[in-house]
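> Need the 3D shape of this:
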Amino acid sequence: MEFPFSVLSVGLELLTIIFCILLFFRGRLRVNGVRSFFILVLLFFVTTGSYFLLRPLFGGGDSFKTLYSIYSLAVIILFLSWLFRESIFVTIFIVFAARNYLDGTNMISDLVSVIWHSASFSGSQTATGFLCRLTVYILLVPVLYHFFKVCIRPAIASTKSMNIWNYLWIIPVSFFFLYRLGFNPYYTAIETGNKNSMLLFPLIWYPGMFFCQLCIFRLLSETSQNIVLREKLHTAELLTEMEKKQYSLLQDNIEGTRKARHDLRHHLLAMRGYAERRDYEGCLRYIEEFLKQTDSYALKQYCDNHAVNSIISYYENTAVSSGVAVSIEIRLPSLLTVPEVDFCTILGNLLSNAVEACLRQTEGERFIRMKLGMAGRSMVTLSVVNSYSGDIREENGIFLSSHHAGEGIGTMSVRHIADQYHGITRFRYEDGVFETSVLLNPEPSGAAADREPAIISHQ
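Next up, the predicted model:
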């Protein structure tokens, strides 16, 4: 009765791998949910059925198991590359990482089977071995789920556009072959009576593989955070510069007001002279000129939040001075529900990209339309629409930088910060119009205090 249980064991492994893959790749489907379900069912039966058909022909030795593992993983990777919008290198990494963790789990389950039942090392090919494997899976797969969800998924989501992924996949593939060609044959050859030697292998392999890949993801996470911190530092420096300019404008405004009050008597005398001569057109021209001089000292007020006001002022002045039409509609409170530095980092990157696209535009009307507002008590929405010309460089849903290989640093930091606040980032472009939408939800429970934002619109 070995053969049916070995097939069940293979099916259990494939179900676990598919579960981990769905956990990681959810939201990246190329097709709808129903079709995806049937495709994954087809994948399961293709790989499991292949084992059922090929094992009687080639036997169940280590060589067959290694070749079948390579074949099944190759089939899974091909299916996933077609089913999900994801980099092939990231897909290879995830599939082989899941396979490696299952190899370690299988090693532990086989060890439990031998120690508890003093059976030969037949793994999961018997009813006892399969029950031991199923029990160990129930205990250890939640750990694998937690590791994928807490460590792997966030780290890859924030760094998958980096060129380093062109090489990182080699690490889990190397672990796979090291186990298959090095550890596993010698481990399965150990006599059941030498339990101390058998215990040594799982104690070396499983923690070693786990902590090695944990260090990799910690390093990736630190790299991603450093990128975001660099963007926040740039935003803070920009805000400092804007503060200085706003202070200078304020000083000019105060000086202009003082001068205007001092010269008010002269202006009134001049206007009285126009009125006495009934030169009303001349009087109106004089008043218009006076108002222009007064307006030159006025500070634009986009919203009640000073930091946001400074960022918008900087990029609007840059765009308008280059002939770009700018439309701004803001509905924000003075106190934001997200930290100002994070919000301004997103806003600054979106406006910077929009202004840069307009400045590179070679034909058509150049424009930027921006809307900022609140949705409910705590959610913040940002929408920036701008014109562009030329081609958009996109790969697997990632917009590539026009200055270097890989995703733009600004776009990467926007995605990362949005994820921190349970947000959504969406990009859409067609017919020379690029639209970016960001939703930030810092308080998913909706327990934020009521705020009364002001609505300010500038054309």
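
> And the helices in the stretch 101-250 of the chain, which stretches?
Applying DSSP state H, counting those that start in this stretch to the stretch 101-250 of the chain gives helices spanning 127-147, 153-159, 165-168, 170-178, 184-188, 195-276.

> Mean pLDDT lowest where, among those helices?
Of all the helices of the stretch 101-250 of the chain, the minimum mean pLDDT falls on helix 184-188 (a mean of 60).

> How is the chain divided into domains?
Per the record, the chain has its domains at 2-229, 301-458, by automatic domain parsing.

> what sits against the closest residue to residue 442 other than its chain neighbours?
Among residues not flanking residue 442 along the chain, residue 421 sits closest, at 4.6 Å (CB to CB, 6 or more residues apart in numbering). The C-beta positions use only the backbone N, C-alpha and C, and glycine is treated the same way. Residue 421 is in contact with 338, 342, 440-442, counting by CB atoms under 8 Å, 6 or more residues apart in numbering.

> just residue 181 next, same as before
Contacts of residue 181 by CB under 8 Å, 6+ apart are residue 66.

> Give me the pLDDT value at it.
Residue 181 carries a pLDDT value of 78.

> and if you look at residue 327?
On the pLDDT scale, residue 327 is placed at 92.

> and if you look at residue 102?
Taking residue 102 on its own, its pLDDT is 82.

> and if you look at residue 419?
80.

> isn't it right up against residue 153?
No - using CB atoms under 8 Å, residue 419 makes no contact with residue 153, being 10.1 Å away.

> neighbour count winner among those two?
Ranked by neighbour count (other CB atoms under 10 Å), residue 419 and residue 153 place residue 153 first, with 17 against 14.

> ok, that one to residue 324 distance?
39 Å (CB to CB, to the nearest Å).

> re earlier: including distance to residue 268, could the domains of the chain go into a markdown table?
Formatted as a markdown table, these follow (distance: least, CB to CB, whole Å):
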| stretch | distance to residue 268 |
| --- | --- |
| domain 2-229 | 57 |
| domain 301-458 | 29 |
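
> and those, which one is worst for confidence?
For those, mean pLDDT drops lowest on domain 2-229, to a mean of 75.

> Shouldn't residue 435 be within a strand?
Yes - if the criterion is DSSP: H, G, I helix; E, B strand; the rest coil, then residue 435 is within a strand.

> tell me the contacts of it?
Taking CB under 8 Å, 6+ apart as the contact definition, residue 435 lies against 383-385, 427-429.

> May I ask you to confirm that residue 318 is in contact with residue 352?
No - here residue 318 lies out of contact with residue 352, judged by CB under 8 Å, at a distance of 9.1 Å.

> if we can go back for a sec, now the residue nearest to residue 442: how far from residue 150?
Residue 421 is 18 Å from residue 150, by CB to CB.

> Who are the contact partners of residue 168?
Contacts of residue 168 were listed using CB under 8 Å, 6+ apart, and they are 89, 93, 216.

> Who's the closest spatial neighbour of the second one, skipping the chain neighbours?
When you say that, I think you mean residue 93. Per CB to CB, 6+ apart, closest to residue 93 is residue 169, 4.4 Å.

> quick one: that neighbour from residue 79, how far?
Relative to residue 79, residue 169 is positioned 17 Å away (CB to CB).

> now do residue 271
Note on residue 271: its distance to residue 79, by CB to CB, is 82 Å.

> do the same with residue 22
Distance, residue 22 to residue 79, using CB to CB: 12 Å.

> Overlap of the contact sets of these two?
Counting by CB under 8 Å, 6+ apart, the common neighbours of residue 22 and residue 79 are residue 40.

> ok, those two, which is more surrounded?
Taking other CB under 10 Å, residue 22 and residue 79 do not tie; residue 79 has more neighbours (19 against 14).

> follow-up on the earlier one: could you identify which of the contacts of residue 168 has the most neighbours?
In these, the most neighbours by other CB under 10 Å go to residue 93, 23 neighbours.

> Now do the same contact list for that residue.
By CB under 8 Å, 6+ apart, the contact list for residue 93 reads 156, 165, 168-169, 171-172.

> Nearest to residue 138 among the residues you listed?
Distances from residue 138 to the contacts of residue 93, taken as CB to CB, are shortest for residue 172 (24.0 Å).

> pretty sure the closest one contacts residue 101?
No - here residue 172 does not reach residue 101: they are 9.5 Å apart, not a contact under CB under 8 Å.

> Of these two, which one has the most company?
Taking other CB under 10 Å, residue 172 and residue 101 do not tie; residue 101 has more neighbours (25 against 22).

> Next one: the more buried one from residue 107, what distance?
From residue 101 to residue 107 the distance is 11 Å (CB to CB).

> Over to residue 320?
Using CB to CB, residue 320 is found at 66 Å from residue 107.

> all strands for the protein, in order.
Using DSSP state E, the strands of the chain run over residues 325-332, 367-375, 379-387, 394-395, 398-399, 424-430, 433-440, 454-458.

> Filter the contacts of residue 435 down to the buried ones.
Among the contacts of residue 435, those classed as buried by 16 or more other CB atoms under 10 Å are 383-385, 427, 429.

> Switch those over to TSV, and while doing so, append distance to residue 392 to every line.
Putting the buried ones among the contacts of residue 435 into TSV (distance: CB to CB, whole Å) gives the following:
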residue	distance to residue 392
383	18
384	15
385	14
427	9
429	6
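
> Which of the residues you listed sits closest to residue 135?
residue 427 (46.3 Å).

> so what's that closest one up against?
Contacts of residue 427 by CB under 8 Å, 6+ apart are 399, 434-437.

> do the same with residue 350
382, 384, 414, 436, 438.

> What is the neighbour count of the third one?
By that I understand residue 414. Look at residue 414: counted by other CB under 10 Å, it has 26 neighbours.

> Now do the same contact list for it.
Residue 414 neighbours (CB under 8 Å, 6+ apart): 345-346, 349-350, 425, 438.

> try 10 Å
Residue 414 makes contact with 228, 231, 345-350, 353, 382, 408, 423, 425, 427, 436, 438, according to CB atoms under 10 Å, 6 or more residues apart in numbering.
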